[in-house]
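Undergrad: Starting from these lines, generate the structure:
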Amino acid sequence: MIELDELSGMPVFADLPRERLQWLCENLTEFAARSGDVLLEEGEMSSNLLVLLDGEVRTTRAAAGELSAERYSAPEIFGTPCMVASIPFPATLKAATDCRIARLPEAAFRELFVSCGSFTRVVARVMTDWLTALETAGLNREKLAALGKLSAGLAHELNNPASAVARSLDHMLAGLDALEDSALALGVRAVPRDAVDELRALAARSATEAAASATDALRHAEAESLLGDWLAAHGMAKPWLVAPCLVAHGITSDDLGQLAGRLSTDQLDAAISWIAKVLELRSVMRDATRGATRISDIVKAVKSYTYMDQGPRQEVDIHEGIEDTLTVMAHELKSGVAIVRDFNRDLPRVPAYGSELNQVWTRIIENAVEAMSGRGQLTIRTRRDSDRAVVEIADTGPGIPQDAMRHLFEPFFTSKPASAVQGHGVGMGLHVAYRIVVNRHGGTIEACSRPTETVFRVTLPLGGGTADFD
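TA: Sure, this is the predicted structure:
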């Protein structure tokens, strides 16, 4: 039997007058639940407000897994937002211990909600707290999803050049030993000094020419075959080992003809082996340098993208932020997205929270890439419109349904089917972008769409922002 004092001790009913408490007792139906009993399934429409009188219950959300489970101890109520808004229960509610629970039918709840101001205020606070918690959780999940996606992409982008550097270093260690052997062979075979000088000049010249040369695979193979035959005819022991390297660096039999006329067979063998080792080692070193430079560029872009070690508010170059965003998203773009830049480089720097603006570009570009299924054209334009900077990001995707356009920037809204949403956040991306642009920077963000063209337009004040900046 539910006592009046028991109900009045619950915060949600504490301000009810005694006659209302008595009415509540008459409309509540008490029941017992054993540990493990399911009280409500996720997504179920509930027709009762549940009042936990004794014991503990547990909520879990299938979308987030068991890690999102929470425990609640008596006294507590469940289903207030669902009763007010007629929405499904957002989680599975299960008894964690043996419990005493009471049900308040929906009709009685609505009568109490309409007729009792103190109860209405309490429910309004509960609704506000629930919506705030839900939005915060959604924002956190969106941020974690974006961070995980960004981290995975950067790991992929860094892995390729890092692996290239590691392979090059391993190759260089072996190449140094081979180069030492070739250098010693030159000395042992007493190759004349003037011939050595010619070898050094030839190696340097061919490396320079190789950077500008470009031959197709067929011509390259023919050149290797011809040079290999020439080397074999001049006594080279293993011409097939050095011919590819020499041809790759633009060296032909004409370049080696004068040396062949001045050196013995053994000397020519040692000389050509030395040239091949030098060129191969230089080539490997260039590969390692390119890999290291790529790593440095990615790290620099990430540091700039996040405005690491800098104050939150900056006078930012919009174009630098866009380029940094494209760099850190390179793994998503290079499979088949063509980038077209139409920048007005005369735009002045914008007072902004740089790292937050980069989140805006990231979210819009991610949506565009997904809409195009990873293949299409992404056009980014910047221009000035009076006292505002304008950034337009257009894609060649199928377009956004017209009935979804007016909801684009609402929290938790997504036009994707449920099966496509898994792993792509909770529909908070464009809402976050809206808050950053409008609330944080005093700008505007809008979209227009038709088949094969969707354009997001962001405007930012050039002369200053909102009071948030001060």
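Undergrad: so where's the stretch 251-400 of the chain shaky on pLDDT?
TA: Along the stretch 251-400 of the chain, the parts satisfying pLDDT under 70 run over 306-312.
Undergrad: Which stretches in it count as helices?
TA: Ranges of helices within the stretch 251-400 of the chain are 253-262, 265-306, 318-328, 330-333, 354-371, based on DSSP state H, counting those that start in this stretch.
Undergrad: Per-residue pLDDT of Val191, please?
TA: pLDDT, Val191: 67.
Undergrad: cool, and the one 4 residues further on?
TA: Predicted confidence (pLDDT) at Ala195: the value is 73.
Undergrad: Now for it: which residues touch it?
TA: Ala195 sits next to 259, 262-263, 267, 271 when contact means CB atoms under 8 Å, 6 or more residues apart in numbering. For the C-beta atoms, the positions are set from N, CA and C on the backbone; glycine is no exception.
Undergrad: one more time with 10 Å, if that's ok
TA: By CB atoms under 10 Å, 6 or more residues apart in numbering, the residues touching Ala195 are 186, 258-259, 262-263, 267-268, 271.
Undergrad: Then Glu111?
TA: By CB under 10 Å, 6+ apart, the contact set of Glu111 is 23, 27, 105.
Undergrad: what does Ala352 give?
TA: Counting by CB under 10 Å, 6+ apart, Ala352 makes contact with 312-316, 318, 321, 358, 360, 389, 436-437, 440-441, 443, 460-461, 465, 469.
Undergrad: Could you list which of the residues you listed belong to strands?
TA: Secondary structure from DSSP state E places 313-316, 389, 460-461 of the contacts of Ala352 in strands.
Undergrad: which of the residues you listed count as buried?
TA: Neighbour counting over the ones in strands among the contacts of Ala352 (16 or more other CB atoms under 10 Å) leaves 313-314, 316, 389, 460-461 as the buried ones.
Undergrad: Out of the residues you listed, which is nearest to Met236?
TA: Val316 (60.3 Å; CB to CB).
Undergrad: Identify the residue nearest that closest one in space, chain neighbours excluded?
TA: Among residues not flanking Val316 along the chain, Gly354 sits closest, at 4.3 Å (CB to CB, 6 or more residues apart in numbering).
Undergrad: Now do that neighbour against Arg103, distance only.
TA: In this structure, Gly354 lies at 53 Å from Arg103, with CB to CB, to the nearest Å as the measure.
Undergrad: So which of the two has more stuff around it?
TA: More crowded of Gly354 and Arg103, by other CB atoms under 10 Å: Gly354, with 23 against 19.
Undergrad: wait, doesn't the more buried one sit right on Glu320?
TA: Yes. Counting by CB atoms under 10 Å, Glu320 is a contact partner of Gly354 at 8.8 Å.
Undergrad: overlap in contacts of the two?
TA: Common neighbours of Gly354 and Glu320 (CB under 10 Å, 6+ apart) are 304-305.
Undergrad: Tyr353 and Asn439 touch, don't they?
TA: No. At 11.2 Å, Tyr353 does not count as touching Asn439 under the criterion of CB under 10 Å.
Undergrad: Between these two, which has more neighbouring residues?
TA: In terms of neighbours (other CB under 10 Å), Tyr353 is the more surrounded of Tyr353 and Asn439; the figures are 20 against 11.
Undergrad: Report the distance from stretch 433-453 to the chain centre.
TA: Its chain's C-alpha centre and that of stretch 433-453 lie 20 Å apart, by CA atoms, centre = their mean, to the nearest Å.
Undergrad: And that stretch, end to end?
TA: Using CA to CA, to the nearest Å, one end of stretch 433-453 lies 20 Å from the other.
Undergrad: Just the buried residues of that stretch, please?
TA: Residues 433-437, 440-443, 445, 447, 449 are the ones in stretch 433-453 that count as buried (16+ other CB under 10 Å).
Undergrad: If anything else comes up later, I'll come back, but that's it for now.
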